[in-house]
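Engineer: need coordinates for the following:
(one chain, ligands or ions: 2)
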Amino acid sequence: SIQACLFDLDGVLVDTAKYHYLAWKRLAEELGFVFTEQDNERLKGVSRTASLEILLEIGGIKLDDAAKQELAERKNNWYVESITSMDETEILPGALEFLKECRSNGLKVALGSASKNAMLILNNTGLTPYFDAIIDGTKTAAAKPDPEVFVLGAKEVGVPTENCVVFEDAEAGIEAAVRAGMRSVGIGSPDTLSRANLVVPSLQQMSVSRLAEL
Ligand code: B16
Ligand code: MG
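Structural biologist: Ligands and ions are numbered 1, 2, ... in the order given. Now for the predicted structure:
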């Protein structure tokens, strides 16, 4: 039976994808090429450095490590500027209700995000108190699809991996759940998240009773 719910942040609890997109787009413009919303799909759930590699590949640009570091920092400064003014209105539909329902049913709740800015987002949206464990990009060495982020979350809440379920919007995140030996719920479209045990459009369609379907 399920004893812990592990949540991805961007695309599951909050819609920060639009801020990531605007910052990457601005960087691409400065570098002299167009970066579309479709290009941006490739960056979802992917770490900052890996995202920059993809962006540079799209622009056909080759740079040394120091220059890449500088660009990643520039993008992050813009991104942080946007998330600094976020508030609870930017929590995705159904997310808060489901977090509350999990807690009132005695389930452990953990965050498993690739972002190094997760704490700022959780604090600004008021979500921090809902978590028993918070694992983010500052605590992990390997990026999704490596299972590290979810394995650490399970460990911190003291629940065996087979009793955990992961909520993810990115293919790499579902793959990480599979590799961790956990069940998963995809948030989005069944076309891209075909490896998940269940796919729902948003957490609005999720409830503790539906965990029995997994
Ligand atoms: P940062 P998640 C991921 O968050 C985003 O989906 C991805 O687009 C971003 O590049 C990554 O975090 C790193 O974020 O630059 O803030 O460290 O979906 O794993 O919650
Ligand atoms: Mg995500």
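Engineer: check which residues of the host helix or strand of Asp39 are buried.
Structural biologist: Per DSSP states H and E, Asp39 falls inside helix 37-40. Across helix 37-40, burial judged by 16 or more other Cβ atoms under 10 Å covers Asp39, Asn40. Yep, even glycine has a C-beta here, placed from its N, CA and C like the rest.
Engineer: just the C-alphas of the next helix-or-strand element following that helix, formatted as CSV.
Structural biologist: Once helix 37-40 ends, the next helix or strand along the chain (criterion: DSSP H and E) is helix 48-59. What follows is helix 48-59, C-alpha atoms only, in CSV (Å, rounded to 0.1, in the frame of the first residue of the first chain):
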residue,chain,number,x,y,z
ARG,A,48,20.1,24.0,-15.4
THR,A,49,23.5,23.0,-16.9
ALA,A,50,21.9,20.3,-19.1
SER,A,51,19.2,22.8,-20.2
LEU,A,52,21.9,25.2,-21.3
GLU,A,53,23.7,22.5,-23.4
ILE,A,54,20.4,21.8,-25.2
LEU,A,55,19.8,25.6,-25.8
LEU,A,56,23.3,26.1,-27.2
GLU,A,57,22.8,23.0,-29.4
ILE,A,58,19.6,24.6,-30.8
GLY,A,59,21.5,27.8,-31.5
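Engineer: helix 48-59 and ligand 2 in contact?
Structural biologist: No: if you take Cβ under 5 Å from the ion as the test, helix 48-59 misses ligand 2, and the best it gets is 12.2 Å.
Engineer: and that helix, what does it pack onto?
Structural biologist: Counting by 3 or more Cβ pairs under 8 Å, 6 or more residues apart in numbering; DSSP states H and E, the packing neighbours recorded for helix 48-59 are helix 17-31, helix 65-83.
Engineer: tilt between the first one and helix 48-59?
Structural biologist: Read that as helix 17-31. Counting by axes from the mean of the first three to the mean of the last three Cα atoms, to 10 degrees, helix 17-31 points 50 degrees away from the direction of helix 48-59.
Engineer: and this protein, which residues reach ligand 2?
Structural biologist: Counting by Cβ under 5 Å from the ion, the chain sits next to ligand 2 at Asp8, Asp10, Gly11, Gly45, Asp169, Ala170.
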